[in-house]
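J.: starting from these lines, generate the structure:
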Amino acid sequence: MKPFKIILLNILILFAVAILFEGLNYVVYYFKTKETLELKNSAGFLQKLRYTKAQKFSTKNFEKYFTTNVYKNSEKRPILLLGCSYAQGIGLKNYETFAYKLSQKSQRTTYQRAISGGGIQLALHQFEVGEMKSAVPDAEYIIYVYIDYHISRLYSYQLDYIETEVNQRYKLSGKHLIKINQPIFPYYYSLFSVKNIQELIETVSSSKEYADFELFNAVMKELMSQAKKNYKDVKFAILLYPSANYIHSDNRDILPNYEIDKLKQMGFIVFDAEDMTELPIRSEKYRLNDKDHPNGKAWSAIVDGVVEHLHL
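T.: The predicted structure is shown next:
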């Protein structure tokens, strides 16, 4: 056989193997996400497994989900809400959201700048590039709604592994926090073989973080610094909320005590949503049909306690 034909045959074989590998990964991903997607669809978050074009991270992609609830003629300074889809109020009417209820109960304007699928790293990005100060000129209180998903999301390559939305990540070099540049050509992120490999790397990379919270604390420390630079005498609270992982658990430790102590030493106010009510907000009764996100009843259950606890 001529060398050219051998080379061509090898290329064809490699191409066929690559297609087979990608096909197997698609099947694996289908069964891995099937139940989650069915629950999301039952709650109205319509998604289906498909190939999607990769999108580099930009806050502009999420601005349509930001809300501002203006409390007219208030002499009190505003509140800024940060977090993910929990704080955003995904699946809820505006009047059912935490941001709206907090505005009404505290008699303050609330700015909701949470990003679905993200965490505190995306809030830091908004501060660093000046977007937060531009959108939220003043805030006396910042409330970050924390759920345990946020630790692994620090390491996630994608915010949404179905929609192929690239995450904005950070890393530590020694004790220095470094912003990771966005990929130049993220098109290969759309492949399900790549998604599976990325999720595996994320799981391995984040496993140590749940014990030492090293990267999380570095991001939080810088976020506190940014908050103080932008808002005079700002008070920064972390509201610990039980994710779907806690529905059938008796564990109350959303963060371990030693980590809470570290955050308090940095100047954060840390408190538990379940201490704000006697109602079982971790149960399915207080979640949407996806058995994950809080419903309006959950936010109604805790909002009075939050206002009282923070003296809003």
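J.: only C-alpha atoms for contact and neighbour calcs from this point on.
T.: OK.
J.: run a quick neighbour tally on residue 98.
T.: 27 (other Cα atoms under 10 Å).
J.: so who does the closest residue to it other than its chain neighbours touch?
T.: Nearest non-adjacent residue to residue 98, counting by Cα to Cα, 6 or more residues apart in numbering: residue 299, 5.4 Å away. Contacts for residue 299 (Cα atoms under 8 Å, 6 or more residues apart in numbering) come out as 96-98, 101.
J.: ditto for residue 12
T.: Per Cα under 8 Å, 6+ apart, neighbours of residue 12: none.
J.: for whatever helix or strand it lives in, list every residue counted as buried.
T.: Here residue 12, judged by DSSP states H and E, is contained in helix 3-42. For helix 3-42, the neighbour count (16 or more other Cα atoms under 10 Å) marks 22, 25-26, 29-30, 37-40 as buried.
J.: next one: stretch 301-312
T.: Quick answer for stretch 301-312 (16+ other Cα under 10 Å): 301-307, 312.
J.: including pLDDT, could those residues go into JSON lines?
T.: Rendered in JSON lines, the data for these read as follows (pLDDT from 0 to 100):
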{"residue": "301", "pLDDT": "98"}
{"residue": "302", "pLDDT": "98"}
{"residue": "303", "pLDDT": "98"}
{"residue": "304", "pLDDT": "97"}
{"residue": "305", "pLDDT": "97"}
{"residue": "306", "pLDDT": "97"}
{"residue": "307", "pLDDT": "97"}
{"residue": "312", "pLDDT": "95"}
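J.: nearest residue to residue 160 other than its sequence neighbours?
T.: Closest to residue 160 by Cα to Cα, 6+ apart is residue 117, at 6.3 Å.
J.: what's the neighbour count on that neighbour?
T.: Under the neighbour criterion other Cα under 10 Å, residue 117 is assigned a count of 20.
J.: and if you look at residue 61?
T.: With other Cα under 10 Å as criterion, residue 61 counts 12.
J.: distance of it relative to residue 279?
T.: 36 Å (Cα to Cα, to the nearest Å).
J.: repeat that for residue 258.
T.: Distance, residue 258 to residue 279, by Cα to Cα: 27 Å.
J.: looking at these two now, which is surrounded by more residues?
T.: Between residue 258 and residue 279, residue 279 has the larger neighbour count (other Cα under 10 Å), namely 14 against 11.
J.: who's in contact with the closest residue to that one other than its chain neighbours?
T.: In this structure, residue 279 finds its nearest non-sequential neighbour in residue 301, 6.9 Å apart by Cα to Cα, 6+ apart. By Cα under 8 Å, 6+ apart, the residues touching residue 301 are 276-277, 279, 281.
J.: SS state for residue 301?
T.: Using DSSP: H, G, I helix; E, B strand; the rest coil, the structure places residue 301 in helix.
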